[in-house]
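Asker: Everything below, folded, please.
(chains A and B)
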Amino acid sequence: MVDVTPEKVEYVGPAEVPEVDLYHAKTWWTKYVFSQDAKVIAIQYSGTAVAVGLVGLVLSWLMRLQLGFPEFFSFISPDLYLQFVTMHGMIMVIYLLTALFLGGFGNYLIPLMVGARDMVFPFVNMVSYWVYLLAVLVLLSSFFVPGGPTGAGWTLYPPQAILSGTPGSGAGIILMLVSLALFIVGFTMGGLNYVVTVLQARTRGMTLMRMPLTVWGIFTATVLALLAFPALFVSAIMMTLDSVLGTSFFMPAIVEFGEQLQYGGGSPVLFQHLFWFFGHPEVYIVALPAFGIVSDLLSVHARRNIFGYRMMVWAIVGIGALSFFVWAHHMYVSGMNPYFGFFFATTTLIIAVPTALKVYNWVLTLWRGDIHLTLPMLFAIAFIITFVNGGITGLFLGNVVVDVPLSDTMFVVAHFHMVMGVAPILVVFGAVYHWFPLMTGRMLNQAMGQFHFWVTFLGAYLIYFPMHYLGFVGVPRRYWEIGETNFIPDSAESLNAFITVAALVVGFAQVVFIYNILTSIFRGKVSERNPWKATSLEWQTTTVPPGHGNFGDELPVVYRWAYSYSVPGTVDDYTPQNVHPDDVVKIAAEQGGD
Amino acid sequence: MNFFREISSKPWLESQSAIDDTHHGGAFTLPSVTIGLRVFLGVVTVLFSLSVVAYSDRMTLADWRPVPEPTLMWLNIVVLFASSVAMQWSVISARRGRTANVEIGMLVGGALALAFLAGQLLMVRQMDALGYFTPTNPALAFLYMLSAMHGVHLLGGLVAWGRTVMRIWGGHEAHQVRMSVELCAFYWHFLLVVWLLLFVWFSIT
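Answerer: Model (predicted):
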């Protein structure tokens, strides 16, 4: 470990942070609709992401109904099933999780946690949301065009994505690609804000290493996204040109229904490289904010400083960097050179090292902590368990020889749902229970929350554990119906029915969660100002919920990191980041005097 | 800012606190808008780099035919270079407080950028007339796509350019628009370098 002895600083900047010129809304429209306030934009992002996520959830129910009871739902045709699969995947990965973590949590938490009044480019931030909304509307409009949405699978592999045998190969795929391009444009606007705000708009005393890990996770994920999304952008443009103008970037010479198409010489594998150069960092674009948030939830609710803060920061940065060197482990069956596969298997194993380090540190944070089994803590612990499970099956799939027989089976579906579906969404839930009092001044209903947690957590295992088994016995993914297949036992059918029932029950729990949010906004128990007794700046605002400009007349000054919990010699078991050291000592002295 | 040094510090130590307490908050002394532009240009660089990587991969396949180089391409480069020079002249004028010269430089730079875009369109039409406009020629498809991507970025720059010109016409003095002019010029120089590199790439492949 590098030991850095503090040295005398050569340059000390101005003692005061320059105030920014805040935009003050003058009308209802500019305050609540076309708002430039990051908190309002965060709520807009979150609301839209959840709304489109509910569409994705309903699609997953429809898929499960078809898989569990293939004889009963005649309206779900094979084409429709593939369209459900595709739209569910893309919605959940891009339009829900990415938008929620970066656009939602990023907008709400970054300025508050670093002690800024707002994002540095509020107007651009506002436009970012509206472009995102446009992207969502374009995506959803594909349900209503002739041929429906694309059914090419969320990976959109050519040539099949734009051949007429694939559902939605006309307007559907074009709308998907246009929507993705719009999403990336919108995200880039938001991403510039997140990065520059973290770099430039921190309050006095807020060094990078005093930032909460939530900010580190969102910041690093944003950098990843800014570097990775261009790959998807380029491939979306190229595939649109292949589809509309008949270019041959990705399309090889091909005969369709006995007719030679005009395409020739293109490389479908080139698309796969570009897609996964985006696609694998995308896993961490979702995971890193979750890592950061869960670190803070564990620390606050176990009343302990995060174990190995510096290592946690290094691990976030290291995982971010390494995530650009593992993309081809999604392509072992594309016919790549075995040495190439060996390289990517190695890098995949290497990235497990910093990831495992984070898991150890989370567990060690709990060790001898004053653990409060609050809902955020329950979700945080559930995340650790689920992430470990999903991560371990990732080690299976990261190795070429194991991946090849498991490729395109339900094992893969179970793996990625555990590691980047269930695990991050558990963090989202934990975060909502944690920060809801800050956003609304009210608590969520605890009984409904307990129901939501236990059904979601246990239900997720009832869904995905059996799915691993289905993969092992060879049940393929993206099949509308297994039918009578010699190597698949009859038990697979009953297991599919069982999974479907579990999925519907878990889905119902999410409806309860949304009901809880909607009712608690208006009728929830009024919360204390800082109900979890957290140290970070978002809880130290003058009003709760924080008003326009976040802090009062003066920005807070930071005197310590965000993890001063249970510090020996202090009366309270937490010391907020902005409490002057003299005030802390005074409290301790008074106590001693008693 | 030395990033690696910063993330090597131990924020829980009191000795470190003495240093951290004096931190003024920002990572760089540059204005946020400059940092924002640089980050954005980093993203644009990745975008063009990946396009060139895709180009290199695609050119290894059997149907690849080299890109023709019409004379107009050379002329367009000269126009874009002149546009960049005019922008730089604006910057120098702004630093010297000569508002009238800033205005002239900006107007000439913007007009030349528009001329460059018109020239690019003309180039495509010329190639079309010569019978090159066949989408199945992958090199041409890349040429058209990259030209369009570059052109769209220049159009985006012209929006910022337009806002700056409007401010000058609105009576703002040189020192008031200096930052905007500098950012416009920086963006112009960047796009010039991108197009030069692309041109070299088209020429050698």
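Asker: Can you give me the pLDDT of A:Met238?
Answerer: A:Met238 is assigned 96 on the pLDDT scale.
Asker: check which helix or strand covers it.
Answerer: Here A:Met238 sits within helix A:213-244, counting by DSSP states H and E.
Asker: Can you name every helix or strand that that helix contacts?
Answerer: Identification of packing neighbours for helix A:213-244 by 3 or more CB pairs under 8 Å, 6 or more residues apart in numbering or on different chains; DSSP states H and E yields helix A:107-114, helix A:171-200, helix A:268-302, helix A:309-322, helix B:32-58, helix B:138-169. Every residue, glycine included, has its C-beta placed from N, CA and C.
Asker: so the fifth one versus helix A:213-244, what angle?
Answerer: What it means is helix B:32-58. Direction vectors for helix B:32-58 and helix A:213-244, defined by axes from the mean of the first three to the mean of the last three CA atoms, to 10 degrees, enclose an angle of 40 degrees.
Asker: Quick one: work out the angle between helix B:32-58 and helix B:138-169.
Answerer: 170 degrees.
Asker: Please see if helix B:32-58 touches chain A.
Answerer: Yes. Helix B:32-58 reaches chain A (CB under 8 Å from any CB of the partner chain) through B:32-33, B:35-36, B:39-40, B:42-43, B:46-47, B:50-51, B:54, B:57-58.
Asker: Show me what secondary structure element comes after the helix or strand A:Phe344 falls within.
Answerer: Mapping A:Phe344 onto the secondary structure by DSSP H and E places it in helix A:338-366. Using DSSP H and E, the helix or strand that follows helix A:338-366 in sequence is helix A:375-398.
Asker: packing partners for that next one?
Answerer: Where contact means 3+ CB pairs under 8 Å, 6+ apart, helix A:375-398 is packed against helix A:268-302, helix A:338-366, helix A:400-406, helix A:410-417, helix A:423-440, helix A:446-472.
Asker: quick revisit: dump the helices and strands packed on helix A:213-244 into CSV; add mean neighbour count as well.
Answerer: Putting those into CSV (neighbours: other CB atoms under 10 Å in any protein chain shown) gives the following:
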stretch, mean neighbour count
helix A:107-114, 27
helix A:171-200, 24
helix A:268-302, 26
helix A:309-322, 21
helix B:32-58, 18
helix B:138-169, 18
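Asker: The ones you listed: which one's closest to B:Ala18?
Answerer: Across those, B:Ala18 has its closest neighbour in helix A:309-322 (18.1 Å, CB to CB).
Asker: Could I get the average pLDDT for the closest one?
Answerer: 97.
Asker: before we move on, what about stretch A:387-400?
Answerer: Stretch A:387-400 carries an average pLDDT of 94.
Asker: Show me which residues of that stretch are buried.
Answerer: Of all the residues in stretch A:387-400, those buried under the rule 16 or more other CB atoms under 10 Å in any protein chain shown are A:Phe387, A:Val388, A:Asn389, A:Gly390, A:Gly391, A:Thr393, A:Gly394, A:Leu397, A:Gly398, A:Asn399, A:Val400.
Asker: Return the member of those nearest to chain B.
Answerer: Nearest to chain B out of the buried residues of stretch A:387-400 is A:Val400 (CB to the nearest CB; 22.0 Å).
Asker: burial measure for A:Val558, as a count.
Answerer: Applying other CB atoms under 10 Å in any protein chain shown, we find 28 residues neighbouring A:Val558.
Asker: Which residue, other than its chain neighbours, is closest to it?
Answerer: For A:Val558, ignoring the flanking residues on the chain, the nearest one in space by CB to CB, 6 or more residues apart in numbering or on different chains is A:Gly205 at 3.5 Å.
Asker: Now do the helix holding A:Met238 against helix A:423-440: the angle between them, please.
Answerer: With the same axes, to 10 degrees applied, the angle from helix A:213-244 to helix A:423-440 works out at 120 degrees.
Asker: and helix A:213-244, how far out from the chain's middle?
Answerer: Relative to its parent chain, helix A:213-244 has a centroid offset of 14 Å by CA atoms, centre = their mean, to the nearest Å.
Asker: And for stretch A:97-107?
Answerer: The chain centre lies 7 Å from the centre of stretch A:97-107; the measure is CA atoms, centre = their mean.
Asker: A:Gly103 and B:Ile19, how far apart?
Answerer: According to CB to CB, to the nearest Å, A:Gly103 stands 35 Å off from B:Ile19.
Asker: do the same with A:Met420
Answerer: 39 Å.
Asker: Spatially, which residue comes closest to the residue nearest to the spatial centre of chain A, not counting chain neighbours?
Answerer: What sits nearest the mean C-alpha location of chain A, by CA atoms, centre = their mean, is A:Val286, with 3.0 Å. Using CB to CB, 6+ apart and skipping residues adjacent in sequence, the residue nearest A:Val286 is A:Leu97, 4.7 Å away.
Asker: Next up, the contacts around B:Gly110.
Answerer: By CB atoms under 8 Å, 6 or more residues apart in numbering or on different chains, B:Gly110 lies in contact with B:Ser83, B:Leu158, B:Trp161, B:Gly162, B:Val165.
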